[in-house]
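J.: predicted structure and sequence below. I'll ask about it afterward.
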Amino acid sequence: MPYKDPAKARAAATERARRYRRRKHIEKFGPDAGNMIGRHGNHARGERNGRWNNGRMRTSEGYIAIAVPVGHHLRQAHGYAYEHDLVAEKMLGRPLEANEVVHHRNGQRADNRPENLEVWTRSLHAREHSNHPGARDGFGRFTTGKRHDEEFPA
């Protein structure tokens, strides 16, 4: 019996397609196969991936990121948290506040030793990095496409 409501017709077709795909999946892999993501080497996640580096990665901006569990308060969309934030929180014994950032004393973003990290307010941190030589052009505007820390020593 055809549906008069197009939304119900689409829902019924979607359900039929889902049942068909499930039936074909059981024929191919067996009834206990479950989700096959990552079972063949493609789309492997975590430790099963050939590029797994024990939960550490270097971001495109040079920071070190650490894999953290779902629900961690510092977790980014990619599933990692910045190591310098984790180290700073451990040093402080409390979570970072919303107006706090972690500053690398020597300007090396991958150097996350506790003696190289300081917790600053966002405004102080922005003021510090805006005063580097080359951070602004002749009109006082910030130059685009440049990072204003280790490239321009103080």
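T.: All right, it came through fine. Since this is a predicted model, take the numbers as computed values, not measurements.

J.: how close does the closest residue to Ala67 other than its chain neighbours get to Phe29?
T.: Of all residues not flanking Ala67 in the chain, Gly55 sits nearest, at 3.5 Å (C-beta to C-beta, 6 or more residues apart in numbering). For the C-beta atoms, the positions are set from N, CA and C on the backbone; glycine is no exception. Gly55 is 30 Å from Phe29, where distance means C-beta to C-beta, to the nearest Å.

J.: can you check Pro133 too?
T.: Per C-beta to C-beta, Pro133 is found 62 Å from Phe29.

J.: where along the protein do the helices fall?
T.: Assigned helices in the chain, in chain order: 6-29, 83-92, 122-130 (criterion: DSSP state H).

J.: just the residues contacting the first one, thanks.
T.: The one in question is helix 6-29. Pro2, Tyr3, Ala33, Met36 (C-beta atoms under 8 Å, 6 or more residues apart in numbering).

J.: got the domain ranges for this structure?
T.: 1-31, 82-130 (automatic domain parsing).

J.: and the ones you listed, which one averages the lowest pLDDT?
T.: Of all the domains of the chain, the minimum mean pLDDT falls on domain 1-31 (a mean of 89).
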